[in-house]
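Trainee: Structure of the sequence below:
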Amino acid sequence: MSMCLASWSLLVTSASSPADTVRQALIEQSDRWFSWLVVSSIVVGVGVCLEAPESTIALRRWFRHWRREFDIPPENERSFAIPASYLGLLLVILGVAGEGIFEGLSSNAETALRAHDEQVLADTILKAGTAKDSADAAAIDAKTAGEKSSQASASAATASILAAGARRESDSLTQEIKDAKQQSADASSKAADAVSRLTVAENNLANATQRELAAEVEVNRLKTPRSLSNADNLSRALKIFSGTEYTLLTFSDQESINLTKEIGNALDAAGWIRKEPESHSVGGIAYFTIFSDKGEDAVPSCLEVGVNVHVVSQVPIAVLKAMPFSSSPKEVQAASILRQELIPSISPSDESNVGKALEVEPYKTPTVSDGPVVVCVGKKP
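Mentor: Numbering: from 1, shown residues only. Purely as a prediction, here's the structure:
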């Protein structure tokens, strides 16, 4: 009789359980972190778009310098493209960092959801086992009651009814187990997808960090003024051409003027003879006083990029190209060696610091200088 009452109690307490609020909260948390991950991706996209104007302006000025145009306007240091580009860089950094953080939070939420589903599955299996044991016990009680006495037939019928109810509950729990397994499979799929997105986010973060480091190196290079790293070595290498006459030209900014002075001092130490222009007859050309404050050594301006070495030769260019270097005129050899020695002597190191080739000009070509070797210290690349 006690077994029948236990089975009846099991049937009564098997009413449907309330909604799983814990699982719902975990799903909402996962969706919230994923939304922030999407927002971070949008921030990265906006940052990249803001960096585009400054890069476009720099590329346009480079192209005009490359074509050696002389009417290039000065850089506009008040341009809004500069703060916009910096804001874009900050947005890229924040967006990439946000992607990494929110991807990790989303992954943690998915992991917690999967653990909760597995716990629900374990509880459901336990309930199914208990229900099956109750059904088996009820069936045994009914059979025993029928064998002992016909007076227990009513109790046996009741036990059969309870057993049928228990079996129905067992079937219901079996279906719940199947549903829980399906939910667990879905959760596993979401977790795998989250891991994949996390990997992509980590790769994006690594790429962004690498771009940031490269940009920092380039910014440091642009901010560091050029100088001669070892003027004594340069002077020693050029002493074999002592007595070579040369003329200096310089770009109009202070950085180029300072480098012009260092190169001039190194050539003077090597015994080279600096020639100054005999007149200022070339209209529109500015002159700069570099080596004294008396205006006696005015250096004309030039509009080139990097340090370029020119040489004026009485020998036709075609003949110079055909003859061995050792047989070429002294001024051509001196200009060529000067260009080669300048490449490793200018700091910070940059392949565009010195022109790619020696510029040979025909004799008596109009020029603002009197020396056969002309060194134009142009704008920093």
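
Trainee: Please report how far Glu361 lies from Ser256.
Mentor: Applying Cβ to Cβ, to the nearest Å, the value for Glu361 to Ser256 is 21 Å. No exception for glycine: its C-beta is placed from N, CA and C like everyone else's.

Trainee: oh sorry, the question was meant for Ser189
Mentor: Distance of Ser189 to Ser256, given as Cβ to Cβ: 63 Å.

Trainee: who has more neighbours, those two?
Mentor: Neighbour comparison, Ser189 and Ser256: the larger count goes to Ser256, with 24 against 10 (by other Cβ atoms under 10 Å).

Trainee: In three-state terms, label the more buried one for me.
Mentor: helix (DSSP: H, G, I helix; E, B strand; the rest coil).

Trainee: Would you check that it makes contact with Val377?
Mentor: Yes - contact status for Ser256 versus Val377: in contact at 5.2 Å, counting by Cβ atoms under 8 Å.

Trainee: what residues do the two have in common as contacts?
Mentor: Shared contacts of Ser256 and Val377, defined by Cβ atoms under 8 Å, 6 or more residues apart in numbering, comprise Thr250.

Trainee: Which segments of this structure make up each domain?
Mentor: 2-223, 227-377 (automatic domain parsing).

Trainee: Let's have these in a markdown table, adding mean pLDDT.
Mentor: Formatted as a markdown table, these follow (pLDDT from 0 to 100):
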| stretch | mean pLDDT |
| --- | --- |
| domain 2-223 | 78 |
| domain 227-377 | 83 |
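
Trainee: Quick check: Arg64 vs Pro73, distance?
Mentor: Taken as Cβ to Cβ, the span from Arg64 to Pro73 is 9 Å.

Trainee: For those two, indicate the residue with more neighbours.
Mentor: Neighbours were counted for Arg64 and for Pro73 using other Cβ under 10 Å; Arg64 has more, 14 against 7.

Trainee: just the helices in this protein please.
Mentor: Ranges of helices in the chain, per DSSP state H, are 2-12, 21-66, 81-148, 153-223, 231-238, 254-269, 317-322, 330-345.

Trainee: Of the ones you listed, which is nearest Ala298?
Mentor: Evaluated with Cβ to Cβ, these place helix 254-269 nearest to Ala298, the distance being 12.0 Å.

Trainee: Enumerate the positions of the closest one that are buried.
Mentor: 256-257, 259-267 (16 or more other Cβ atoms under 10 Å).

Trainee: Stretch 192-202 too?
Mentor: 194, 197-198, 201.

Trainee: Tell me how far the residue nearest the centre of the chain lies from Glu103.
Mentor: By Cα atoms, centre = their mean, the chain has its centre lying nearest to Ala208, at 2.2 Å. To Glu103, Ala208 is 14 Å away according to Cβ to Cβ.

Trainee: likewise Ala128?
Mentor: Counting by Cβ to Cβ - Ala128 and Glu103 are separated by 38 Å.

Trainee: Compare these two (neighbour count), which wins?
Mentor: Applying other Cβ under 10 Å to Ala128 and Glu103 shows that Glu103 carries more neighbours, namely 25 against 18.

Trainee: which residues touch that one?
Mentor: Glu103 makes contacts with 37, 194, 197-198, 201, as judged by Cβ under 8 Å, 6+ apart.

Trainee: repeat that for 7 Å
Mentor: 37, 197-198, 201 (Cβ atoms under 7 Å, 6 or more residues apart in numbering).

Trainee: follow-up on the earlier one: hmm, the residue nearest to the centre of the chain is touching Ala97, no?
Mentor: No - contact status for Ala208 versus Ala97: not in contact, 8.8 Å apart, counting by Cβ atoms under 7 Å.

Trainee: And the strands in the stretch 251-381 of the chain, which stretches?
Mentor: For the stretch 251-381 of the chain, applying DSSP state E, counting those that start in this stretch gives strands covering 273-274, 287-289, 298-300, 307-313, 346-347, 359-362, 373-377.

Trainee: Could I get the ones you listed in TSV, plus columns for mean neighbour count and distance to Glu77?
Mentor: Shown next, in TSV, are these (neighbours: other Cβ atoms under 10 Å; distance: least, Cβ to Cβ, whole Å):
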stretch	mean neighbour count	distance to Glu77
strand 273-274	14	34
strand 287-289	17	21
strand 298-300	20	25
strand 307-313	23	24
strand 346-347	18	25
strand 359-362	15	31
strand 373-377	26	22
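
Trainee: Out of those strands, flag the one nearest Ser134.
Mentor: Of all the strands of the stretch 251-381 of the chain, it is strand 346-347 that lies closest to Ser134, at 88.0 Å by Cβ to Cβ.

Trainee: circling back to that earlier point, make TSV out of the strands of the stretch 251-381 of the chain and add distance to Val319.
Mentor: Output for the strands of the stretch 251-381 of the chain, formatted as TSV (distance: least, Cβ to Cβ, whole Å):
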stretch	distance to Val319
strand 273-274	26
strand 287-289	35
strand 298-300	29
strand 307-313	9
strand 346-347	31
strand 359-362	11
strand 373-377	19
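
Trainee: how about those strands, which one is nearest Arg236?
Mentor: The closest approach between Arg236 and any of the strands of the stretch 251-381 of the chain, judged by Cβ to Cβ, belongs to strand 346-347 at 16.6 Å.

Trainee: and the closest one, which strands flank it?
Mentor: Strand pairing for strand 346-347, using DSSP bridges, gives strand 227-228 (antiparallel).

Trainee: returning to what we had before: so which of the strands of the stretch 251-381 of the chain is nearest Ser336?
Mentor: Across the strands of the stretch 251-381 of the chain, the minimum distance to Ser336, taken as Cβ to Cβ, is reached by strand 307-313, at 7.9 Å.

Trainee: Sweet, I'm off.
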